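J.: Build me a structure from this.
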Amino acid sequence: MTATIGLFYGSSTCYTEMAGEKIRDVIDGILGNGSVRLHNIASDPIETMTDFSYLILGIPTWDYGELQEDWESHWESLDDLDLTQTQVAIYGLGDQIGYPEWFQDALGYLWVKVVNQGARSVGAWPNQGYSFEQSRALTEDGRYFVGLPLDDENQLDLSEDYINRWCHQILREFGLLSDG
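T.: Here you go, the predicted structure:
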């Protein structure tokens, strides 16, 4: 099977990469091996995103709501991408206890960036079960995150279940998996 989903991530400490590999494995288990092609944005051209109709983007939030350095180095290049025919799901890693005022901010920044480039967003995730003060990754009504927030620092035991459930959710929202 030819890859139908491009998964692009930036990862300084490999946790976002490992989450991406888990997401790939779950989706490959559902759709078949080779359904997802991983791209580390530190080495793969960001323009490759336009080769896919379905994207999953992974970004960690650093320190006080900052972008991870690989995403930051490509940030302006995202403005040149036409994502109008693209559906995008985003996951992020963050620390809700150590940085409760900036939990998952980079997830929110990336969501705004790709939606402004025409992408249709899928994969909103309920904000229940997290303990934080503020986040730029919440939907307008504040009930959901714009993507999947993972906190491997404080909730590693929940990540596998969250990833599994989210992968099924986004595949249904992409139209690649029926509810049956």
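
J.: Following the chain onward from the longest strand along the chain, which element is next?
T.: For the chain, the longest strand by residue count, based on DSSP state E, is strand 54-62. Once strand 54-62 ends, the next helix or strand along the chain (criterion: DSSP states H and E) is strand 66-67.

J.: ok, then the element right after that next one?
T.: helix 69-74.

J.: Buried residues, that following helix. List them.
T.: Buried residues in helix 69-74, counted by 16 or more other C-beta atoms under 10 Å: 70, 71, 74. Glycine gets a C-beta too; all of them are placed from N, C-alpha and C.

J.: The helix or strand that comes right after that helix vs strand 54-62, what angle?
T.: Sequence order places strand 87-93 as the next helix or strand after helix 69-74, per DSSP H and E. Angle, strand 87-93 to strand 54-62, by axes from the mean of the first three to the mean of the last three C-alpha atoms, to 10 degrees: 20 degrees.

J.: Now do the buried residues in strand 87-93.
T.: By 16+ other C-beta under 10 Å, the buried positions in strand 87-93 come out as 87, 88, 89, 90, 91, 92, 93.

J.: tally of neighbours for residue 26?
T.: By the criterion of other C-beta atoms under 10 Å, residue 26 has 19 neighbours.

J.: Quick check: what element follows the helix or strand hosting it along the chain?
T.: Using DSSP H and E, residue 26 sits in helix 15-31. As assigned by DSSP H and E, the chain's next helix or strand after helix 15-31 is strand 36-40.
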